[in-house]
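Peer 1: A structural model of the following input is requested.
(one chain, ligands or ions: 1)
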Amino acid sequence: MRYQVRAATLAPHVQSCSLQKQMTDRSSKRPRKAGRSSLRPLKALVPYFARYRGRVAATLAALILATLATLAIPMAVRRVVDFGFSADNVGFIDSYFTMLLVVVAVLAGASAARFYLVTTLGERIVADLRDGLFTRMMQLSAGFYDTARSGEILSRLTADTTQIRAAISFAASVALRNIMMFLGSVVMMVVTSPGLSALVLAAIPFIVVPILWFGRRVRQRSRFAQDRLAEASAYASEAISGVRTVQAFNQETPARRYFGVRIEDAFQAARSATAARAALTAFAIFIVFASVVIVLWWGAQAVVDGTMTGGRLSQFVLYSVFAAAGLGEIGQVWGEISQAAGATERIVELLETEPEIKKPQNPVALPTPARGEVHFDDVSFAYPQGSGPVLHNVAFDIKAGERVAIVGPSGAGKSTVFALLMRFYDPQTGSVMVDGVPITEADPEEVRRRIALVPQDVAIFAATAFDNIRFGNETASREAVEAAAKAAHADEFIRALPEGYDTVLGERGITLSGGQKQRIAIARALLKDAPILLLDEATSSLDAESEVAVQAALETLMKDRTSLVIAHRLATVRNADRILVMENGALVEEGTHQTLIAKSGLYARLAELQFNDGGREPESAAAE
Ligand SMILES: Nc1ncnc2c1ncn2[C@@H]1O[C@H](COP(=O)(O)OP(=O)(O)OP(=O)(O)O)[C@@H](O)[C@H]1O
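Peer 2: Numbering: from 1, shown residues only. Next comes the predicted model:
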């Protein structure tokens, strides 16, 4: 139950799904998809660009201007070479060099604008992607997180998005500039010398086809490298969050070794991807410049024969150098763009994972005012990733304001009942209702708003004590937060912290004791002030003294609400109006403490075991 409970505390509106399988299914199709078109995944970014049409248009304008300015330079050079180098043309030289300066100034301005626009566009789109990804992560829950590894997801949120930013901010702009430059130069080459151009154009397929082939290999390898890195990150994140367990079992060395192997794998994969990129670069540079040399050779012969002027050849050579350099640069950044395509694919997988549990199109409104009734109608349930049914035909009715305890051996399915009530999962058969409405027909947010959960495994965030309690109600005032803490018997220990309510609690509440965390969770629930209260082992980490105090706080909390209490310690449940006894996923007994003891069934056996264990007899334990 850990994940569900944590998810509940982390984000009250998270929903459940079981889409890991769907993700995995998709993942297995990946190589074939990759084979079809290496840049196809980038299509998923189009809607993100579309949001910033103005900025994209300005970027393209700056790009075109910079390209035109560059393309103007060789024409000026030709004039200078053919007519400029003679003493009676001094005025001509001045005007041409002045024009050249203007062109260079336009080029500089347009390049700066392009750089600024393209970089901020990259940052903007990546910020949106991260935001979208996090939003999706908050919508997916229980079923998905049962198998997903948080470290791997974090790697997508950070490393993959960074790669996309690099591609947009740098590679895409370089590629676009060079594509324009290449096309512009080719046109100008044809204008300058159709004969030489034909020679160059004939060489192009030999350049482009291998570049595309190399690019695809780079992409496949880099996707593999990113996957290895994500695996290493996932392992590191687990080891770091469980560092005390690692140290307690002297597992530092094996953990280091394990991580070392993973990181080495990631390195090897990255090296292989880089090797493919390096080969691509070498190939691109060689083939492109070799073509230029051959062209120059032919051109030189034409000048010697007198069929071409030196200026025209200079102009042609400059255009062909531009075209070649353009192609060379495209070749270089193609690898990076291919890598970004791999990263996009990984992100899109997550973005496209649909939450199984979401708001119906026409949700049925829960009646107001809230009554706090709970109804389980013949509910059977198996966890999506579980090995079999966990609940079998569970049926019960809880009236508004009733206090019901759920007891039973470990693994009986008690927390699962809570998970279904919070709608982290949907049962396979039967129906769960809140205030008479099947929760599958209602908005999950509305259902969860009516329920306050004090989980078994309390999530504390690296925020102040104040903010941690206010999690129960974002709009609560300082006074309300402190009043809730007082009622939960948390006020005293919070005030003793170095900065009182403003003390930042360590990540996952590492600075707090188990009992303190539970009291924070109780304060949260008090602040939420929901009509239905779920207590999952809420006092399990408390010492006897705190338990008496917290029990008093819980009494306040449970007053005038429907409450469902899971407890192993029967002393804490005996005052319930009714006790549901579960065993192996079924409801086996139901009644008050007295009637159940009289029945001599499972409850009586559990009670006897527990009280005899402590050398106490049930009635005296009741006084606690
Ligand atoms: N997310 C999950 N995925 C698959 N199986 C699960 C999951 N959570 C719980 N289970 C299984 O469901 C069964 C019931 O678990 P549940 O947590 O509801 O028991 P419980 O009665 O609350 O136990 P405890 O008192 O120890 O908390 C157990 O067999 C458990 O292994």
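Peer 1: from the middle of its chain, how far away would the lengthiest helix in the chain be?
Peer 2: In the chain, assigned by DSSP state H, the helix with the most residues is helix 252-305. Averaging C-alpha positions (CA atoms, centre = their mean, to the nearest Å) puts helix 252-305 32 Å from its chain's average.
Peer 1: can you check stretch 165-183 too?
Peer 2: Relative to its parent chain, stretch 165-183 has a centroid offset of 27 Å by CA atoms, centre = their mean.
Peer 1: one step back: which elements pack onto the very next helix or strand once past the longest helix of the chain?
Peer 2: Once the chain leaves helix 252-305, the next helix or strand it forms, by DSSP states H and E, is helix 310-351. Packing contacts for helix 310-351, counted by 3 or more CB pairs under 8 Å, 6 or more residues apart in numbering; DSSP states H and E, involve helix 20-28, helix 30-36, helix 53-79, helix 90-139, helix 161-166, helix 173-192, helix 194-241, helix 252-305. Quick note: C-beta positions are derived from backbone N, CA and C, even for glycine.
Peer 1: hmm, try it at 7 Å
Peer 2: helix 20-28, helix 53-79, helix 90-139, helix 161-166, helix 173-192, helix 194-241, helix 252-305 (3 or more CB pairs under 7 Å, 6 or more residues apart in numbering; DSSP states H and E).
Peer 1: quick one: which of those helices is nearest Leu535?
Peer 2: helix 90-139 (24.9 Å; CB to CB).
Peer 1: ok and the closest one relative to helix 53-79, angle-wise?
Peer 2: 150 degrees (axes from the mean of the first three to the mean of the last three CA atoms, to 10 degrees).
Peer 1: Quick one: work out the angle between helix 90-139 and helix 173-192.
Peer 2: Here helix 90-139 runs at an angle of 140 degrees relative to helix 173-192 (the same axes, to 10 degrees).
Peer 1: quick revisit: can you convert the helices and strands packed on helix 310-351 into CSV and add a column each for mean pLDDT?
Peer 2: Listed next are the helices and strands packed on helix 310-351 as CSV, based on pLDDT from 0 to 100:
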stretch, mean pLDDT
helix 20-28, 33
helix 53-79, 84
helix 90-139, 85
helix 161-166, 85
helix 173-192, 85
helix 194-241, 80
helix 252-305, 83
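Peer 1: out of those helices, nearest to Glu547?
Peer 2: Going by CB to CB, the one of these nearest Glu547 is helix 194-241, 28.3 Å.
Peer 1: which residues sit against the helix or strand following that closest one?
Peer 2: Once helix 194-241 ends, the next helix or strand along the chain (criterion: DSSP H and E) is helix 243-248. Applying CB atoms under 7 Å, 6 or more residues apart in numbering, the contact partners of helix 243-248 are 239, 252, 255.
Peer 1: One more: stretch 554-561?
Peer 2: Residues outside stretch 554-561 that contact it (CB under 7 Å, 6+ apart) are 372, 401, 403, 487, 522, 525-526, 531-533, 535, 538.
Peer 1: for stretch 587-596, same thing?
Peer 2: 394, 396, 574, 578-582, 599, 601-604.
Peer 1: Now a ChimeraX select for only the buried ones of the contacts of stretch 554-561.
Peer 2: Of the contacts of stretch 554-561, the buried ones can be selected in ChimeraX as follows, counting by 16 or more other CB atoms under 10 Å:
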select :372,401,403,487,522,525,526,531,532,533,535,538
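Peer 1: So which bits of the stretch 301-450 of the chain are right by the ligand?
Peer 2: Neighbours of the ligand within the stretch 301-450 of the chain, by CB under 6 Å from any ligand atom: 383, 385-386, 390, 408, 410-416.
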